[in-house]
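In: Got a sequence here, can you build the structure:
(one chain, ligands or ions: 1)
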Amino acid sequence: MQLRVEDVPRQFIAGHIPWVLLSFPWHGDLMTPVNLIGVMEQFADERKCRETLMHLRWANGVMCLRCGHDKVTPVNDRKVFDCNSCHYQFSVTVGTMFHDSHLSLTKWFVVAYLLTESRKGMSANQIHRMIGGSYKTAWYLCHRIRAAMKAVPPVKKLDGTVEVDETYVGGKQHGYPGVRRPGFGDSNKEIVIGIRQRGGDLRFFHAEDAKTGTLAKYIAENISEDVDVIVTDEYRGYRKAVGKARHETVNHGRKEYVRLGTDIHTNTVESAFSLLKRGIIGTWHRVSAKHLQAYLDEMCFRFDNRKNPYLFRDTLLKMLDTEHIEYKHLVQAAA
Ligand SMILES: [Zn+2]
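Out: So this is what the prediction gives:
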């Protein structure tokens, strides 16, 4: 089924991609929901990938990246453009996440598709086996796509009924008793704070600890002051952290998972945690603390776009909108 540009609901557009990008009929191709075979057929050669990026990047025609002039001369089979005014030469990938002289755009497209469509994510090792090349190349590629998926500020604040919970990932995967002691647990484990609007978006944060001040910061930054209710478990740290918002708790220590006769529960944020843990255990195997936030961002991006039929195209748009990351920068990233 071919979808027309006008059919695309506005809310599906991720990040701050200008609406004008969608006002061009050319997007017809990418509007069609695709599967892997479709991606491989549609973007089988470099030229098709380049043209796609070109139209996504410059919906109103190619413009000089240096002076903004709208008359350019294609050189070398449109691999490069030469500005008619300042004679700056540039390619469609310069200044974007796609900037890489070694890797084919076909691979970029296929891996971007695989990462957006795998519900629990996909490990670099698996990508490496699927596309060939070295493990390092696959790892670097996955990290760059992941970095582009990251939400861009300003972030919409969550509203309605919002559930907040914290969990531990990494370290030894043994269970812990009903009463948790956030911030004082197994030092091998990393703390993840989850905030989810019921029926809406999800946020995960790799936190230093789960003390009141930390919780208060994430709550203030991500939850609207007009929120109907914030639901947490009985952990004391939440009492002050929620501020003036209405606050309801379920007592997990007493095995109370849904307050009887109400919709007071934290089940939806917990189900997101379980998806995350299956991703970490089953897919990524071992996520280093250093890169945990990047995996969390990837998972939230996919989750928030779970009903977006244009997720692949929107991911390409984000990659065009994000600056290239050097390998050494990723490897050296602060813990
Ligand atoms: Zn120019």
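In: going forward, measure contacts and count neighbours with C-alpha atoms only.
Out: OK.
In: Tell me the residues on the chain that lie near the ion, please.
Out: Within the chain, the positions adjacent to the ion are 64, 67, 83, 86 by Cα under 5 Å from the ion.
In: With distance to I325 added, can I get these in a markdown table?
Out: Below are the residues of the chain next to the ion laid out as a markdown table (distance: Cα to Cα, whole Å):
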| residue | distance to I325 |
| --- | --- |
| C64 | 22 |
| C67 | 24 |
| C83 | 26 |
| C86 | 27 |
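In: Please list only the buried members of these.
Out: 64, 83 (16 or more other Cα atoms under 10 Å).
In: ok, so of the residues of the chain next to the ion, who is nearest R146?
Out: Of all the residues of the chain next to the ion, C64 has the smallest distance to R146: 27.9 Å, by Cα to Cα.
In: what's near enough to touch that closest one?
Out: By Cα atoms under 8 Å, 6 or more residues apart in numbering, the residues touching C64 are 70-72, 83, 88, 90.
In: If we use 10 Å, what do you get?
Out: If you count contacts by Cα atoms under 10 Å, 6 or more residues apart in numbering, C64 has them with 70-72, 81-90.
In: residue ranges with poor pLDDT in the stretch 151-300 of the chain?
Out: 151-154, 171-187, 282, 284-286 (pLDDT under 70).
In: thinking again about what came up before, can you redo the residues of the chain next to the ion as CSV with secondary structure and pLDDT?
Out: Listed next are the residues of the chain next to the ion as CSV, based on DSSP: H, G, I helix; E, B strand; the rest coil; pLDDT from 0 to 100:
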residue, secondary structure, pLDDT
C64, coil, 95
C67, coil, 96
C83, strand, 96
C86, coil, 97
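In: With secondary structure as extra columns, can I get the contacts of C64 in JSON lines?
Out: Compiled in JSON lines, the contacts of C64 are given as follows (DSSP: H, G, I helix; E, B strand; the rest coil):
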{"residue": "D70", "secondary structure": "coil"}
{"residue": "K71", "secondary structure": "coil"}
{"residue": "V72", "secondary structure": "strand"}
{"residue": "F81", "secondary structure": "strand"}
{"residue": "D82", "secondary structure": "strand"}
{"residue": "C83", "secondary structure": "strand"}
{"residue": "N84", "secondary structure": "coil"}
{"residue": "S85", "secondary structure": "coil"}
{"residue": "C86", "secondary structure": "coil"}
{"residue": "H87", "secondary structure": "coil"}
{"residue": "Y88", "secondary structure": "coil"}
{"residue": "Q89", "secondary structure": "strand"}
{"residue": "F90", "secondary structure": "strand"}
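In: Put the buried members of the residues you listed into a PyMOL selection.
Out: Here is the PyMOL command that selects the buried residues among the contacts of C64 (16+ other Cα under 10 Å):
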select buried, resi 72+81+82+83+89+90
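In: Let's have the contacts of C64 in a markdown table, adding distance to K157.
Out: Shown next, in a markdown table, are the contacts of C64 (distance: Cα to Cα, whole Å):
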| residue | distance to K157 |
| --- | --- |
| D70 | 38 |
| K71 | 41 |
| V72 | 42 |
| F81 | 41 |
| D82 | 43 |
| C83 | 42 |
| N84 | 45 |
| S85 | 44 |
| C86 | 43 |
| H87 | 44 |
| Y88 | 41 |
| Q89 | 41 |
| F90 | 38 |
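In: on that earlier part again, E117: which of the residues of the chain next to the ion is nearest?
Out: E117 lies nearest to C64 out of the residues of the chain next to the ion, by Cα to Cα, at 33.8 Å.
In: Would you quantify the distance from the closest one to R57?
Out: Distance of C64 to R57, given as Cα to Cα, to the nearest Å: 12 Å.
In: then stretch 123-134 to CSV, C-alphas only?
Out: C-alpha atoms of stretch 123-134 as CSV (Å, rounded to 0.1, in the frame of the first residue of the first chain):
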residue,chain,number,x,y,z
SER,A,123,23.9,-7.0,19.7
ALA,A,124,26.9,-5.8,17.7
ASN,A,125,27.9,-9.4,17.6
GLN,A,126,24.7,-10.4,15.9
ILE,A,127,25.0,-7.5,13.5
HIS,A,128,28.6,-8.5,12.8
ARG,A,129,27.5,-12.0,11.9
MET,A,130,24.7,-10.7,9.6
ILE,A,131,26.6,-8.0,7.7
GLY,A,132,30.1,-9.3,7.7
GLY,A,133,33.2,-7.1,8.2
SER,A,134,34.9,-6.8,11.5
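In: tally of neighbours for S118?
Out: For S118, the neighbour count with other Cα atoms under 10 Å is 11.
In: cool, and A138?
Out: Counted with other Cα under 10 Å, the neighbours of A138 add up to 24.
In: Does it lie in a helix or a strand, and which?
Out: Secondary structure assignment for A138, by DSSP states H and E: helix 135-149.
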